[in-house]
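**Q** got a predicted structure here, sequence first:
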Amino acid sequence: MALDLQEQEQIDELKAWWQMYGRWVTIAILMAAIVSLGWNGWRWWRQHQAQEAARIEAELVVALERGELPLARAAAHRLRESRTNALLADLSGLKLGYELWQAGDHAAAKEELGRVAEQGSEPYLRDVARLREAAVLLDSGSAQEAFERLAIAPVPELAARYEEVRGDALAALGRLEEARVAYQRALDQGTDPAWRELVALKRDGLGG
């Protein structure tokens with residue numbers, strides 16, 4: 001009987017405790033369930049978005065391989081608008097801009113590269129885009145605009161290449177002494193032997 005009384009006391013204590021705290025326990029359980037559902041839902045959404053970005057990027061690559069540049073540009077636009085992977089969108093923009101340049105569509109190449117240069121997610125990618133944009137401008141005869149596009153100091157890794165293209169723009173503008181100085185600055189900063197040989201040829205080709 002003593003055991004029964006002890007058990008009854010425990011039950012009564014549990015009932016009393018539940019009356020006091022049961023509502024909060026229920027709320028805590030519900031909140032935990034909501035958080036769990038939200039977390040799992042967020043993870044599913046992120047995974048779905050990543051898969052969608054990868055699918056669009058694959059479409060872009062295939063379109064470029066086939067030379068279907070309008071389709072590639074449409075895919076690049078969808079990739080940017082999805083806002084799921086800024087880095088992938090920037091890299092695709094760089095590749096698309098280069099391919100458009102090689103295809104002779106300077107206006108479209110400048111547009112794609114300019115977008116990455118102005119809105120890119122990483123400083124290095126923005127500077128690469130600006131460098132390629134300057135090359136496109138040079139190729140289309142806009143040396144002054146190319147020179148102006150390179151007025152912003154790039155990340156250190158690209159400093160030598162920036163000086164080289166500045167030299168190219170200055171040479172095209174007939175500012176030969178300034179071009180020579182730019183080429184020399186490029187040589188002072190660059191280390192790749194084959195690249196240095198090319199830059200030295202450009203510098204020495206300017207004459208006395």
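**A** The structure has been received and is ready for your questions.
**Q** what is the distance between stretch 125-139 and the centre of its chain?
**A** Offset of stretch 125-139 from its chain centre (CA atoms, centre = their mean, to the nearest Å): 15 Å.
**Q** got phi/psi on Asp192?
**A** With angles defined as degrees, to the nearest 10, Asp192 sits at phi -70, psi 120.
**Q** quick one: secondary structure of the residue most central in space within the chain?
**A** Nearest to the mean C-alpha position of the chain, counting by CA atoms, centre = their mean, stands Leu87 at 3.0 Å. What DSSP: H, G, I helix; E, B strand; the rest coil gives for Leu87 is helix.
**Q** so who does it touch?
**A** Applying CB atoms under 8 Å, 6 or more residues apart in numbering, we find Leu87 in contact with Ser121, Glu122, Leu125. For every residue, glycine as well, the C-beta is placed using N, CA and C.
**Q** check the burial of the second one by counting its neighbours.
**A** Applying other CB atoms under 10 Å, we find 14 other residues in the vicinity of Glu122.
**Q** and the first one, by the same measure?
**A** Counted with other CB under 10 Å, residues neighbouring Ser121 total 14.
**Q** now the helices for the protein?
**A** Secondary structure of the chain by DSSP state H: the helices cover 2-65, 69-82, 86-102, 106-119, 123-139, 143-149, 159-172, 176-189, 193-204.
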